[in-house]
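Asker: below are the sequence and a predicted model; questions follow.
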Amino acid sequence: MSTGLSENRWERKTPAPPMSSTSTQSKRKSRISGAVMAQRDLQQDFQNQFNDVVSRLQSKQLFQSDWDIASFAIFFIFIGMVLLLVILVIIRCCCCCCCDEKPKRRKVGIDNMGLEP
């Protein structure tokens, strides 16, 4: 019966030979240059996005497709709902908190007369 593991799983593996300092330095430099390239790519993406927004503002044609209009409408509805909820919270806190009267407790439901002695 095979479990999918190799038969020599208890065999001791020899460690990899240590890397020379030049290869570790070159790997370190490649990682640094990779990070710099990623930062440049990110900066270039932001620059492209900014240029796109500026060109749309200059052409006075903000919505170029139906998807732009739909996404703006959904975003606008979301912001409107958040503002509505904030206004309701402010009204609740300002208008209803000044009443220090404790509400009277009433019994809810019916009395079970079968439990009476």
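Answerer: The structure has been received and is ready for your questions. Numbers count the residues shown, from 1 in each chain.

Asker: where does Val89 land in three-state SS?
Answerer: Secondary structure for Val89, judged by DSSP: H, G, I helix; E, B strand; the rest coil, is helix.

Asker: what count of nearby residues applies to it?
Answerer: If you count neighbours by other CB atoms under 10 Å, Val89 ends up with 10. Glycine gets a C-beta too; all of them are placed from N, C-alpha and C.

Asker: where does pLDDT dip in this structure?
Answerer: Scanning the chain for pLDDT under 70 picks out the ranges 1-32, 96-103.

Asker: ranges for the helices of it?
Answerer: All helices of the chain, identified by DSSP state H, fall at 21-59, 66-96.

Asker: go through the ones you listed and name the closest to Glu116.
Answerer: helix 66-96 (39.3 Å; CB to CB).

Asker: about what we covered before: nearest to Lys104, of the helices of the chain?
Answerer: The closest approach between Lys104 and any of the helices of the chain, judged by CB to CB, belongs to helix 66-96 at 16.6 Å.

Asker: which strands and helices sit next to that closest one?
Answerer: Applying 3 or more CB pairs under 8 Å, 6 or more residues apart in numbering; DSSP states H and E, one finds that helix 66-96 makes contact with no other helix or strand.

Asker: and the helices of the chain as a markdown table, adding distance to Gly109?
Answerer: Converted to a markdown table, the helices of the chain look like this (distance: least, CB to CB, whole Å):
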| stretch | distance to Gly109 |
| --- | --- |
| helix 21-59 | 61 |
| helix 66-96 | 27 |
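
Asker: out of those helices, which gets nearest to Leu115?
Answerer: Ranked by CB to CB, the member of those that lies closest to Leu115 is helix 66-96, at 38.0 Å.

Asker: out of the helices of the chain, which is closest to Lys107?
Answerer: helix 66-96 (24.5 Å).

Asker: before we move on, the earlier item: among the helices of the chain, which is nearest Pro117?
Answerer: Checking these against Pro117 by CB to CB gives helix 66-96 as the closest, at 43.4 Å.
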